[in-house]
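**Student:** Below: sequence and its predicted model.
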Amino acid sequence: MKTLSELLAQYHQTGDCLIGFNFNDVWDVQAICQAAQERNQPVMLMAYTKVVEVLGLDLIQAIVERMKARYSVPIYLHLDHCDDVEMCMQAVDVGFDSVMIDGSALPLEENIERTIKVVNYAHAKGAVVEAEIGKIRGRGMTDDDYLASVADVKRLAEETGVDMIAVGIGTAHGHYQGKPEINFERLQQIHQSVSTPLVLHGGTGIPEEDIRHSMTFGITKINVGTAIHTAYMQNLGKQITKDGIDAYPPTTISEILPQVKNEVVKYFEMVNPSQVV
Ligand code: 13P
């Protein structure tokens, strides 16, 4: 099986794209893995730090380790949006394949400094690192000042040797009001000035044509979270109401997991890599 860094290098060359899905528990992680298996596509399972606070890095790693053994498609585990260098190092220590050190709220110098610390540590242990420049809109972020500067991305790439860079180009976490406004011109400029694979955040609700367009400008990973947990929570709420007093986790949750899996499949179909596993 390819390591994550080999897969990213290949996809960056072929113009294909890996999808990272945020997961929250042992149930939705199964729906995501089943969808990956059905589509015969590699997948990244991403844990937000909020999930780490609840479950712990070690339990998350153990769950995903068993998932890797159950499915034949490549599955990679990633720590998403972590601004804590220590936590990134601990994730690497317990066996995460990839960590995101998110220094996007910091001045560039400090962002670079933190990213270097994590890159040195992770690379020595064979793990991959994602950093961020610019800001992903939504979830309380102001709309000002989100756009990644080409010069900043270039400096971050050159000075840190980071493996992937998330770029603020207008996408937002959460549900979009209307159509997302993606600055493709800026994405193209960034792509022309660095050879690092780029990451598109806020994947929920981005139309297929925009996803495919962004893939022509170096987007090698796209992150999707809200669509999956919304499908999970909304359908579960309805099922609990339907089952009433007889609602019981193994049956009630299992009943709605195919709907969660179908939502995941939709994103796999949009990206549809030219070379599957
Ligand atoms: P959405 O929740 O908007 O799909 O974004 C996910 C994401 O970018 C995680 O890093």
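**Tutor:** Cool, the structure landed. Residues are numbered from 1 along each chain as shown.
**Student:** going forward, measure contacts between C-alpha atoms and count neighbours the same way
**Tutor:** Noted.
**Student:** Show me what from the stretch 51-200 of the chain comes close to the ligand.
**Tutor:** Within the stretch 51-200 of the chain, the positions adjacent to the ligand are 80, 172-174 by Cα under 6 Å from any ligand atom.
**Student:** which helices and strands does the host helix or strand of Lys266 pack with?
**Tutor:** Per DSSP states H and E, Lys266 falls inside helix 249-271. The helices and strands touching helix 249-271, judged by 3 or more Cα pairs under 8 Å, 6 or more residues apart in numbering; DSSP states H and E, are strand 18-22, helix 26-39, helix 208-215, helix 226-243.
**Student:** got the CA positions of the shortest one in CSV?
**Tutor:** Listed in CSV are the C-alpha atoms of strand 18-22, where the atom choice follows Å, rounded to 0.1, in the frame of the first residue of the first chain:
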residue,chain,number,x,y,z
LEU,A,18,-7.9,12.6,-2.1
ILE,A,19,-10.9,13.3,0.1
GLY,A,20,-10.6,13.8,3.8
PHE,A,21,-13.8,13.3,5.7
ASN,A,22,-14.3,14.5,9.3
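**Student:** for the record, mean pLDDT for stretch 214-234?
**Tutor:** Across stretch 214-234, pLDDT averages out at 98.
**Student:** what residues does that stretch touch?
**Tutor:** Where contact means Cα atoms under 8 Å, 6 or more residues apart in numbering, the residues beyond stretch 214-234 that reach it are 8, 11-12, 15-24, 28, 173-175, 184, 187-188, 191, 197-205, 256-257, 259-260, 263-264.
**Student:** Ok, stretch 58-70 next?
**Tutor:** Stretch 58-70 is touched from outside by 26, 30, 33, 47, 52, 74-75, 77, 94-96, with contacts defined as Cα under 8 Å, 6+ apart.
**Student:** ok, back up a step: inside strands: which ones of the residues of the stretch 51-200 of the chain next to the ligand?
**Tutor:** Asp80 (DSSP state E).
**Student:** now the residues of the stretch 51-200 of the chain next to the ligand as TSV including neighbour count and distance to Asn235?
**Tutor:** Below are these laid out as TSV (neighbours: other Cα atoms under 10 Å; distance: Cα to Cα, whole Å):
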residue	neighbour count	distance to Asn235
Asp80	25	25
Ala172	26	24
His173	20	21
Gly174	18	18
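**Student:** May I ask which of the residues of the stretch 51-200 of the chain next to the ligand comes out lowest in pLDDT?
**Tutor:** Among those, pLDDT bottoms out at Ala172, giving 87.
**Student:** quick one: low-confidence parts of the stretch 1-150 of the chain?
**Tutor:** Scanning the stretch 1-150 of the chain for pLDDT under 70 picks out the ranges 140-144.
**Student:** All set, thanks.
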